[in-house]
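Engineer: Structure for the following, please:
(chains A and B)
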Amino acid sequence: MVKDLFMFAGFNENSQIVWFKIIYSKEPGSLSLITDFLEKENAFIMFGHLDNITQKTGEYSVFTELKKDIDPEKFARKIESLEVVSGVEYGISKYGMIYSVDFPLNVIGVRGVMARALTIVDIIKTLNESVPHAEGLLTISGLKGGIHAAKYFKSIMPLNDNNFADVLAELYRAVGWGILEIECDPETCEGKIIVKDSFIADVYGASDQPVCAFMSGYFAGYLTEYFGKNISVREVSCKATGKKVCEHIISLAPSGSSQEYQTRGEPR
Amino acid sequence: MIKQPNVILGNDELLVTMGRKGDILGLFYPRRDHAQHVEESVACIHTGEKLLWTNDNDWHSIQNYIEDTNIVSTKLYHDSGIRISILDLVHPDVPALIRRFKVQSQKKISGKFFYYSNFNVGETSKKNSGFCDADARLLVQYWQNYYIGIRSLPEFTEWQIGKAMDTIWWTNSKYDMEDGKLQRNKEDIGNINNAAGWDLELEADGANEFVILMGAASSRSLLYKRMHELSKLPLEYIFEKTREHWVMWLAKKQVLKMPGLEGQNNLRQELFSAYNRSLLMLYLLNDREYGSFVAAPEFDSNFEKCGGYGFCWSRDTSEVVLALKHSGYPEYCDRFFKWCIRTQLPDGSWFQRYWLNGDIAPSWGNFDYSTQIDETGSTLYAMDVYYRILEGLKKVEFLEEVWVSVLRAAEYLMKRTKSGIHESCMDLWETYYGIFTYTNASIYAGLMGASHLAEENGEAGLARRWKKRAEFIKQATIDRFWLPEGYFAKGIINGKLDKTIDASILGSYIPFGMLSPKDPVEKDMILFLMENIQKKLSVPINQGYGIKRYENDSYIDGNPWIVTTLWLSEAMFALALDLPNEKDEKYDENVKKMTSEGIKCLKWALAGATSTGLLPEQVDKSTGKPAWAIPLGWSGSLMLDNILLLDKLCRRKVGNSAEG
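Structural biologist: Numbering: from 1, shown residues only, chains lettered A, B, ... in the order given. This is a model prediction of the structure:
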C-alpha cells in the first residue's frame, strides 16, 4: 500500500524537511534511543513509519523538521554513530511537497503515482467530449485495472467469499477513490456497490449522464477475476447527475445472441 | 497510436504493412491510399492457462523477405519455448493475403490458436457490420462496397463477432479469448472486432500449422467466390506462383555489375540486394491504375504528429519514376506523366499533393503564397529528362501528349518569377514561407526543360523566352543567395536572407543541374557547398554520419535523413563522373575521394534500413534505428540513382566502355 507519505502544508523558510531511513537492531529500547536522540538534537519528528525487515533488524523511516543551518549529512552520520543503528539514508524535501522515502511509490505490487483527482477527471472529460465510444474505452481501461488488483490480492493472500468485498473497499479508501458499500452474493454474483465520495463524480461537475464508467469497469474486472465468470457492472445512479451517491449494479454478464439488449434499457 | 511498419507486401490492389512481429498494421484496398481497413490483426496462443499475444514484448523476432520477392518470413521465439514461423504472401492476381503459421513448442501444449482482428472496414469504425457464416466457415466484415473476409485451413472451429469498444466488454473478441474459448456470436454491427479459434494440441517438440486467408472484395458474392476458390489452391502452388511473379518482374531490371567492389566486405552483394529491395518496394507504392505513388504507406492518418504520407507529391514521384526508368522500368514514367496531365491545375501548376486518383489531397498549400512552386519545376524538368531518353516514335508521341501541359506549366513559372527569383511560396520541406535556393533551382531546371521541349516542338520563340528566363533565375539566385562562406543561403524568409545551411541547396547541382561542373567556377561552388553540408549537417551515428535537413531542424527531433544523405552521395558520384578528366594525379585523387565518401554515405543509409532492408525517411539520431516514414519512396529512388551511378563509376574505372 502507499506508505511513507507526508504532505507538508505550508512552508517555513527557517527550517528544512528531511527524512531519514534508519536501519536499527531490534533490541529492547533501541527505538527509544533513536527517538530520544532526535528529540535531544531538536529534530522535530513529524511522521514516522516502522517496517520490520528481519527478526533482528528494523527500518524506521522518519520525516523531521530541522533547522535550516543543520547539515543533514552530518546529522545522518550522527544518527549512524548510535550503537543500535547500522545504516542511515536521508533525503531533503526542499519545497515541502508530497514526498516518499521509497521512490517510486508502490501500489498493489506495481509502480503507483499520485495525482490530483482533477488531473484524472480532466482526462476522462476530454475522452468523453472528443472520442467515440469513450464510455466503452473507459470501461475497458478500468476492467484491466480491476483484473490486475484481484490477481494481485489472490497472489498475496487467500481471497475468499468472506473478504473479497472488504479488500476492494479497503483498496478504494486507501488510494482515495471513494468509500464503498458492497453487497454482492457470491452464489448468484448479483448485488450492488454504493460509492460515496467517488473521486470522479465529486470533481466532474454536473452531467446528464453517469460519469463513472471507469469505476464500473474496475469493479467488473475485479469481480470477473475473482468469480472466474464474466461480470457486468453498470452505473445506474451517479452523483454527477444530482444523485446522493453513485450506485453500480452487479450481475452476471448475459450470454447468447441478444446479450446487448439485455444490458441496455428495456428488453425488446 | 502511431506504429511504424518493418515490412510491406502486396499486389496491384492490396498493400499490407506489418510490424516486426507479423502484426498487421495496415491493409489498403483497393488503392494504396484508401481505404485502410485494419486497426489490429494478430495471432495469439492460449496455452491452457493464459493468452500469449504474438506482438507482445515477450517474443523475440527475426523478420526478412524471401530473397528477390515481396514474400515475408517472420520467426517468433517465446521464452517459454514456443516458436512460431509465419510466412506471409499476397497472391499476385487477387487481393488476398495468405498467412501460414507454424507453431512449435518444446513443451506439451493443450490450448488454442486464435486469430484476432479489429477491422475498420472502409477506414471507419462506424456502421461496420460483421458476421460469421458457419457453413462456409467465413468471417466477414463489411461497410458499403468494401468486404474483408477470413477463411482458414484447417477450418476454424470457434469464433466471435463482438463489440470492440463498448461497455458490454464481455462480447469483445479480445476479451472473449481470455478464458480460452469463444462465444460464437454470429453477427453484430457498429465498432466490432472478431476472432477465430482452433484447438492447439502439441506434444513436446510437436508442430501445428494454420493458414489464414484474408481477402478483400467489392461485393459479398465476389468475396465468397474468391475465398472459396483460394482455399482450394495448395499453398505451395500459391507460393511458387507469387515467387515467380516477383522474380520475373525483377528480371526486367537494368543489370548491375559493380566491377572492382568484390573485395569490399559484402558491399557489392549488399548493394545488389538494396537495388532489388528498392525496386520491389517502389512497385508496392505505385498505383497501377493511375500511375501515381504514395510517398509512404500512411501511418498517421489522423495527422497526429505530421501531415501524413499516404498521398502523391509530384516532386517525389518525378524522382521515383525517373529512377525506375533508369533501372529498366519505363512504364512508370508513361503512366505518371499521363496522371500529371490530368491533375495539372487550371493555372498550370501542380498542387502540393494529391490522392492517388488525382483528387486534391488535404493540404496546407491552398494559396499562391502557400503552394510549393518547386513541384511544378520538378515535374516539368522530369518530363524533359524522360523525353531525352526516349527514342523514335515514342519520343514524338510523348511530346505531342505533354506539350500543352508543358506550355501551361512553363507559363505558370514565368508568371511567378518576373524578378528573376520566385514569388513567395512554401519550401520543399513544408516548413517555411519565402524564396528558396532549391525552389529557384527547380524552376530553372523546369524552364530549361520546357525550352528544350519547345525547341523540339518547333517553337523556337518560346524556347528562347523560357531559356532566357531560366538563365536570369540562375544568375539572380547566384547573385542573391551565394555566400562568401561557400554555399547558398537557404533563401529569403520574412524578408531577410536566411543563411542557414540547408541540404536542399544540393538541388542546384543534383538533380537540377543549375550549376555545372564543366564550368570551373561552378565546379568549385559545387565542391564548396558539398563540403559545407558535410561539415555543418553531419550527424554521427551507426559508425558513420548521416546528413540532417538543415541546422536547427526540429521536425521529429532533427534526425539525419536518408534522402539528404543519399542526395549528397549522389552529388559525389555524379561529380566524380562529371569532373573534366585532366588526366593528372589530382583528378584521380578527387574521383577516388568522391567515390569513397559516397560509398560511406551509402553504407550509412543501408545501416539505417529495417531488418527487411526497407529504407526509412530518417534514422534516429540516438539509436541509429529507422525512423518515421517507412518505407519512403523518395529514399528508395535515391538509392537506385546512387547505385546506378556507382555502377557506372565502377565500370568506367575498370575501363569498361559499356557504361550502361
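Engineer: can you pull out the helices in the stretch 1-150 of chain A?
Structural biologist: Counting by DSSP state H, counting those that start in this stretch, the stretch 1-150 of chain A has helices at residues A:30-40, A:72-80, A:117-130, A:134-156.
Engineer: C-terminal to the last one, what's the next element?
Structural biologist: It refers to helix A:134-156. Per DSSP states H and E, the first helix or strand lying C-terminal to helix A:134-156 is helix A:164-174.
Engineer: Could you export whichever helix or strand comes after that next one as PDB, keeping only the C-alpha atoms?
Structural biologist: Downstream of helix A:164-174, the next assigned helix or strand under DSSP H and E is strand A:179-185. The C-alpha trace of strand A:179-185 is given here as PDB (Å, rounded to 0.1, in the frame of the first residue of the first chain):
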ATOM      1  CA  ILE A 179     -15.900   4.900   0.100                       C
ATOM      2  CA  LEU A 180     -17.500   1.600  -0.900                       C
ATOM      3  CA  GLU A 181     -20.500  -0.200   0.500                       C
ATOM      4  CA  ILE A 182     -20.600  -3.600  -1.300                       C
ATOM      5  CA  GLU A 183     -23.400  -6.100  -1.300                       C
ATOM      6  CA  CYS A 184     -22.700  -9.000  -3.500                       C
ATOM      7  CA  ASP A 185     -24.000 -12.500  -3.300                       C
END
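Engineer: Would you mind writing the CA trace of the helix or strand following strand A:179-185 as CSV?
Structural biologist: On the C-terminal side of strand A:179-185, the closest following helix or strand by DSSP H and E is strand A:190-196. Presented in CSV, the C-alpha positions along strand A:190-196 are these (Å, rounded to 0.1, in the frame of the first residue of the first chain):
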residue,chain,number,x,y,z
GLU,A,190,-25.5,-10.3,-8.1
GLY,A,191,-25.6,-7.2,-6.0
LYS,A,192,-24.7,-3.6,-5.9
ILE,A,193,-21.9,-1.2,-5.0
ILE,A,194,-22.6,2.2,-3.5
VAL,A,195,-19.7,4.6,-4.0
LYS,A,196,-19.7,7.6,-1.6
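Engineer: packing partners for strand A:190-196?
Structural biologist: Using 3 or more Cβ pairs under 8 Å, 6 or more residues apart in numbering or on different chains; DSSP states H and E, the elements in contact with strand A:190-196 are strand A:179-185, strand A:246-252. (C-beta placed from N, C-alpha, C; glycine too.)
Engineer: so that strand versus strand A:179-185, what angle?
Structural biologist: 170 degrees (axes from the mean of the first three to the mean of the last three Cα atoms, to 10 degrees).
Engineer: what's the offset of the helix or strand following strand A:190-196 from the middle of its chain?
Structural biologist: Using DSSP H and E, the helix or strand that follows strand A:190-196 towards the C-terminus is helix A:199-204. Relative to its parent chain, helix A:199-204 has a centroid offset of 16 Å by Cα atoms, centre = their mean, to the nearest Å.
Engineer: Return the distance of the next helix or strand after helix A:199-204 from the chain's centre.
Structural biologist: Going down the chain from helix A:199-204, the next helix or strand is helix A:213-227, by DSSP H and E. Between the centre of helix A:213-227 and the centre of its chain there are 16 Å (Cα atoms, centre = their mean).
Engineer: quick one on the thing from earlier: so which of the helices of the stretch 1-150 of chain A is the most surrounded?
Structural biologist: helix A:134-156 (a mean of 19; mean count of other Cβ atoms under 10 Å in any protein chain shown).
Engineer: what angle do it and helix A:213-227 make?
Structural biologist: Going by the same axes, to 10 degrees, helix A:134-156 makes 40 degrees with helix A:213-227.
Engineer: From chain B, how far off is the residue positioned nearest the centre of chain A?
Structural biologist: Nearest residue to the geometric centre of chain A (Cα atoms, centre = their mean): residue A:175, 2.2 Å. Counting by Cβ to the nearest Cβ, to the nearest Å, the gap from residue A:175 to chain B is 22 Å.
Engineer: Please read off the pLDDT at that residue from the model.
Structural biologist: Note for residue A:175: predicted pLDDT of 90.
Engineer: Could you measure from it over to residue A:93?
Structural biologist: For residue A:175, the distance to residue A:93 equals 22 Å [Cβ to Cβ, to the nearest Å].
Engineer: With residue A:205 instead?
Structural biologist: If you measure residue A:205 against residue A:93 using Cβ to Cβ, the figure is 33 Å.
Engineer: go on, residue B:533?
Structural biologist: Separation of residue B:533 from residue A:93 (Cβ to Cβ): 51 Å.
Engineer: neighbour-wise, which of the two wins?
Structural biologist: Legend: neighbour count by other Cβ atoms under 10 Å in any protein chain shown for residue B:533 and residue A:93, higher for residue B:533 (24 against 16).
Engineer: returning to that earlier point: how about a markdown table for the helices of the stretch 1-150 of chain A, with distance to chain B and mean pLDDT added?
Structural biologist: Below are the helices of the stretch 1-150 of chain A laid out as a markdown table (distance: least, Cβ to the nearest Cβ, whole Å; pLDDT from 0 to 100):
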| stretch | distance to chain B | mean pLDDT |
| --- | --- | --- |
| helix A:30-40 | 45 | 93 |
| helix A:72-80 | 36 | 96 |
| helix A:117-130 | 11 | 93 |
| helix A:134-156 | 4 | 95 |
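Engineer: could these go into a markdown table alongside distance to residue B:432?
Structural biologist: Converted to a markdown table, the helices of the stretch 1-150 of chain A look like this (distance: least, Cβ to Cβ, whole Å):
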| stretch | distance to residue B:432 |
| --- | --- |
| helix A:30-40 | 63 |
| helix A:72-80 | 53 |
| helix A:117-130 | 31 |
| helix A:134-156 | 38 |
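Engineer: Thought residue A:216 was touching residue A:139, still the case?
Structural biologist: Yes. In terms of Cβ atoms under 8 Å, residue A:139 counts as a neighbour of residue A:216; the distance is 6.0 Å.
Engineer: Write out the residues of chain B neighbouring chain A.
Structural biologist: B:125-126, B:163-172, B:175, B:183, B:185-186, B:188, B:191 (Cβ under 8 Å from any Cβ of the partner chain).
Engineer: if you look at those, which of them are in helices?
Structural biologist: With helices taken from DSSP state H, the overlap with the residues of chain B next to chain A comprises residue B:175.
Engineer: Sitting in strands, which of the residues of chain B next to chain A do you find?
Structural biologist: Assigned to strands by DSSP state E, the following of those qualify: B:163, B:188.
Engineer: Which parts of the stretch 251-400 of chain B are helices?
Structural biologist: Counting by DSSP H, counting those that start in this stretch, the helices of the stretch 251-400 of chain B are B:267-285, B:314-326, B:331-343, B:373-389, B:392-415.
Engineer: hmm, which of the residues of chain B next to chain A are the buried ones?
Structural biologist: B:125, B:163-172, B:175, B:183, B:185, B:188, B:191 (16 or more other Cβ atoms under 10 Å in any protein chain shown).
Engineer: If you average pLDDT per helix and strand, which one of chain A comes out bottom?
Structural biologist: helix A:259-263 (a mean of 41; mean pLDDT, DSSP states H and E).
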